[in-house]
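Undergrad: quick one, structure for this:
(one chain, ligands or ions: 1)
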Amino acid sequence: QTKNAHQPEFLQAAEEIFLSLVPVFEQHPEYIKHNILERIVEPDRIVSFRVAWQDDNNDVQVNRGYRVQYNNVIGPYKGGLRFHPTVNESIMKFLAFEQIFKNALTGQSIGGGKGGSDFDPKGKSDAEIMRFCQAFMTELYRYVGPDVDVPAGDIGVGAREVGYLWGQYKRIRGAYEAGVLTGKKPGYGGSLARTEATGYGLIYFVSEMLREANDTILNKKVVVSGSGNVAIYAIEKAQHFGAKVVACSDSSGYIYDAEGIDLKIVKRLKEVEGNRISEYVTYRPKAVFTAGCDGIWTIPCDIALPCATQNEINGEQARTLIANGVKVVAEGANMPSNLEAINEFLDNGVLFGPAKAANAGGVAVSALEMAQNSSRTYWSFQEVDSKLHNIMKSIFTESSEAAKKYGYEGNLVVGSNIAGFVKVANGMLVEGVY
Ligand code: NDP
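TA: Predicted structure coming up:
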């Protein structure tokens, strides 16, 4: 606590995991003897660097870049890059710490890391984005590599940014090491179904949660926050499975469409035009736009899918969702519910799918992209999607069984934390003290 007093997001993530691990430590004295907890909570290293770049007016701008390499017991460090003005060391550390356990849950050989910059891509020209990405990689290349550390996208970093980063890495290294980054464009080193993976994976996970409760997603009313990569493909798969998605948002506010969101419009606004979600109502006059993000959780729904950012659901919002009859909450974003909200859901019988299990589909398909890159083959969309589906099923089963084994049946927070932690902790025992 004292060492990280100035890092609230990191402390929040660490507290959630540590609380879940109490029953594991009671049964495994070897973890205490080898001081696994104190070792695992300290990253292998954190790199922070200056990113100087020229804007369209030829003025020189300076941002800060980060890469947190947390743990590589299971495989090369792996985790996305976030470009957002709120990025700081606390946010980087919380994301990288969570990533260790999420990646372990996927069953793929990937360790935990994360990175990014406080650069704000909003309002920047394409040329400015390119110059920023090139400047960022000009320093980052020293610390990454297909067997060392493999970054990917996150908030503010999609296939376009990954393309610029990858181009610059290739130029500097003078070698085609495709496995150094994932989320590349299909046909240019990328995997089919990576774009869809986190959102589709989230819905596969929700389907497993409902299946265990003898229910399905068919005809359920769904509210999704965000309208970025995760949100869009969660909406797409939920609609494909027969659910009715009635709301989504961006950082300026949310739209409610009682007849069901028309995803074609959202895709055009967000993926093609880079427009605000408020524009949706110009195409669907019966829909309503409300400024501000908080109110989205007052919309009655069966399933709530927070897919925007951390801490978007607090205790009060959780209580509103529960009072309105929510049955399932599953996290597409990382740590979107705070601890109070999680406890409200768990104490009130809501099926709760925590981020590190429910949104692991993206990184799982990133690992499949690495596999395709190293074997120089490409798999079809169906092949990747079906592997993703199986991975999500097995993450659900493992988390559910771990919860049962340690006396917390039905609690996927405890289950996923334990299932991920035990894999990493056992690897640390095998590798000795360092
Ligand atoms: P995008 O940048 O594609 O979309 C983010 C969405 O969330 C946008 O609609 C954005 O609105 C909104 N948003 C971002 N910050 C805030 C904020 N502070 N307040 C309100 N809304 C906000 O990102 P992704 O969809 O890739 O990521 C969303 C979440 O999912 C993040 O938590 C990320 O870590 C997590 N995640 C992503 C994965 C992936 O594969 N992409 C994998 C696993 C987790 P606006 O456009 O107005 O900024």
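Undergrad: does stretch 386-401 reach the ligand?
TA: No. Residues of stretch 386-401 contacting the ligand under C-beta under 6 Å from any ligand atom: none, with a closest distance of 11.7 Å. For the C-beta atoms, the positions are set from N, CA and C on the backbone; glycine is no exception.
Undergrad: that stretch - what's its average pLDDT?
TA: Here stretch 386-401 scores 98 as its mean pLDDT.
Undergrad: what does that stretch rub up against?
TA: For stretch 386-401, contacts defined as C-beta atoms under 8 Å, 6 or more residues apart in numbering pick out 105-108, 193, 197, 200-201, 204-205, 208-209, 212, 357, 360-361, 364-365, 368, 379, 410, 412, 415-416, 419.
Undergrad: over to stretch 183-191?
TA: Contacts of stretch 183-191 (C-beta under 8 Å, 6+ apart): 80, 152-153, 157-159, 162-163, 166, 178, 182, 192, 194, 365-366, 368-369, 372-373, 378-379, 384.
Undergrad: check those residues against the ligand, which are close?
TA: Applying C-beta under 6 Å from any ligand atom to the contacts of stretch 183-191, those adjacent to the ligand are Gly153.
Undergrad: restricted to helices, list the contacts of stretch 183-191.
TA: Counting by DSSP state H, the contacts of stretch 183-191 place Ala159, Val162, Gly163, Trp166, Arg194, Val365, Ser366, Leu368, Glu369, Gln372, Asn373, Val384 in helices.
Undergrad: count residues in the vicinity of the second one, would you?
TA: Right, Val162. 25 (other C-beta atoms under 10 Å).
Undergrad: any idea how far the spatially closest residue to it that is not a sequence neighbour lies from the ligand?
TA: In this structure, Val162 finds its nearest non-sequential neighbour in Gly183, 4.5 Å apart by C-beta to C-beta, 6 or more residues apart in numbering. When distance is defined by C-beta to the nearest ligand atom, to the nearest Å, Gly183 is 7 Å away from the ligand.
Undergrad: next, Gly183: phi, psi?
TA: For Gly183, the backbone dihedrals are phi 90, psi 20 (criterion: degrees, to the nearest 10).
Undergrad: can you pull the pLDDT of whatever residue of the chain ends up closest to the ligand?
TA: Here the residue of the chain nearest the ligand is Gly228; by C-beta to the nearest ligand atom that distance is 1.7 Å. In this prediction, Gly228 carries a pLDDT score of 96.
Undergrad: Gln1 too?
TA: Value listed for Gln1 in the pLDDT field: 65.
Undergrad: next one: the one 3 residues further on
TA: Per-residue confidence at Asn4 stands at 84 (pLDDT).
Undergrad: got it, and the one 3 residues further on?
TA: The pLDDT attached to Gln7 in the predicted structure is 96.
Undergrad: residues near it, how many?
TA: With other C-beta under 10 Å as criterion, Gln7 counts 19.
Undergrad: with Gly260 instead?
TA: Gly260, neighbours per other C-beta under 10 Å, totals 14.
Undergrad: residue contacts, it?
TA: Counted by C-beta under 8 Å, 6+ apart, Gly260 has contacts Gln239, Lys244, Val245, Val246.
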